[in-house]
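>>> Sequence first, predicted model second:
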Amino acid sequence: MNWDERFKSEGLDPVLRADGPQAALVASSDELAYLDERRSQRIPLSKINKINIDSKGLLTIQVGGKDALSVSVQGFQATDLKHFFEGLKPLVSEAKQKAVQSAQAAQSASKPAPKPRPVRPAPQAQPRPQPAPKSADPEPEASEEASEPVRSSLQAESRGLIGRFKLLSLLIVLVGAVFGGLQYTDDPKALIQAAWMFVSSIFLALVVLVLSEVLRVLIDQQERKP
């Protein structure tokens, strides 16, 4: 059989080949084919897991742990088969690498491209509010208005204190007079003590009156101030 015409009709571009009288083995860059007079079987190189030829000349090719091809190669030349399968190993390895790269490229292409982050405009600097010009007049008026009730309260308390001082001086005189009168007796020493107590109470009352008067004068001076 003219295998060249058969390969052309099957669309095969042989890289490796082993011809027998009734069949042929062909390996292209991406698949392995077995052809006989009636049929052709093709197996992608990237899916081949195991190739074995037993002592009876039975060729078995496994894909995914299962037999994908099981044929007899007794009519083939041993040297042709040896060269064929020695050259087939690097072709299978290369096909597997291409399959892995293609799968990775397809996976990368299926992932949506990340959306670009929107560029936020830079925040514009806001002008700082200028402080209002300080007025020289309102603040003193406010302080004077705030201090006026305090001054009036202090003056009222001071006048009340003056009244208490006067009342205290009167009480001192009364106490001295009462105790001095109780000590009235014929005893000269007791009379001296009573007189001394009465004089002391008058003196103390005068001191209190003087203090109250001084305080009154100070208050009057404060009231006259603007």
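Good, I have the coordinates.
>>> can you give me the strands in this protein?
Remark: strands assigned in the chain by DSSP state E are 16-19, 23-27, 31-36, 40-44, 48-53, 58-63, 66-72.
>>> Comparing these, which comes out most buried?
With neighbours taken as mean count of other Cβ atoms under 10 Å, these reach their highest mean count in strand 23-27, at a mean of 23. C-beta: built from backbone N, CA, C; applies to glycine.
>>> Which one of the strands of the chain lies nearest to A190?
strand 48-53 (143.5 Å; Cβ to Cβ).
>>> Grab the CA positions of the closest one and hand them over as CSV.
The C-alpha trace of strand 48-53 is given here as CSV (Å, rounded to 0.1, in the frame of the first residue of the first chain):
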residue,chain,number,x,y,z
ILE,A,48,-1.1,9.8,26.2
ASN,A,49,-0.2,8.4,29.6
LYS,A,50,1.5,5.1,28.8
ILE,A,51,2.9,3.2,25.8
ASN,A,52,3.7,-0.5,26.1
ILE,A,53,4.6,-3.4,23.8
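>>> just to revisit the earlier point, closest one to L174 among the strands of the chain?
Closest among these, once you apply Cβ to Cβ, is strand 48-53, at 133.1 Å.
>>> Given that closest one, what are its sheet partners and their directions?
strand 58-63 (antiparallel) (DSSP bridges).
>>> now the strand it pairs with: mean pLDDT?
Mean pLDDT, strand 58-63: 91.
>>> how about it as PDB, C-alpha atoms only?
Extracted in PDB, the C-alpha atoms of strand 58-63 (Å, rounded to 0.1, in the frame of the first residue of the first chain):
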ATOM      1  CA  LEU A  58       0.700  -6.200  21.200                       C
ATOM      2  CA  LEU A  59       1.000  -2.400  21.300                       C
ATOM      3  CA  THR A  60      -1.100  -0.700  24.000                       C
ATOM      4  CA  ILE A  61      -1.500   3.100  24.400                       C
ATOM      5  CA  GLN A  62      -3.400   4.400  27.500                       C
ATOM      6  CA  VAL A  63      -5.200   7.700  27.900                       C
END
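>>> Need the strands of the chain in JSON lines (columns: distance to K8).
Converted to JSON lines, the strands of the chain look like this (distance: least, Cβ to Cβ, whole Å):
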{"stretch": "strand 16-19", "distance to K8": "13"}
{"stretch": "strand 23-27", "distance to K8": "11"}
{"stretch": "strand 31-36", "distance to K8": "12"}
{"stretch": "strand 40-44", "distance to K8": "13"}
{"stretch": "strand 48-53", "distance to K8": "24"}
{"stretch": "strand 58-63", "distance to K8": "24"}
{"stretch": "strand 66-72", "distance to K8": "22"}
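>>> Have a look at this structure and report the helix or strand with the lowest mean pLDDT.
Every helix and strand of the chain was ranked by mean pLDDT, DSSP states H and E. The lowest is helix 138-182, at a mean of 65.
>>> Quick one: closest of the strands of the chain to S201.
Closest to S201 of these is strand 48-53 (Cβ to Cβ; 133.3 Å).
>>> residues in contact with the closest one?
Contacts of strand 48-53 with the rest of the structure, by Cβ atoms under 8 Å, 6 or more residues apart in numbering, involve 32, 59-65, 68, 73, 81, 85, 88, 92.
>>> nearest to M1, of the residues you listed?
Nearest to M1 among these, with distances taken as Cβ to Cβ, is V73, at 16.0 Å.
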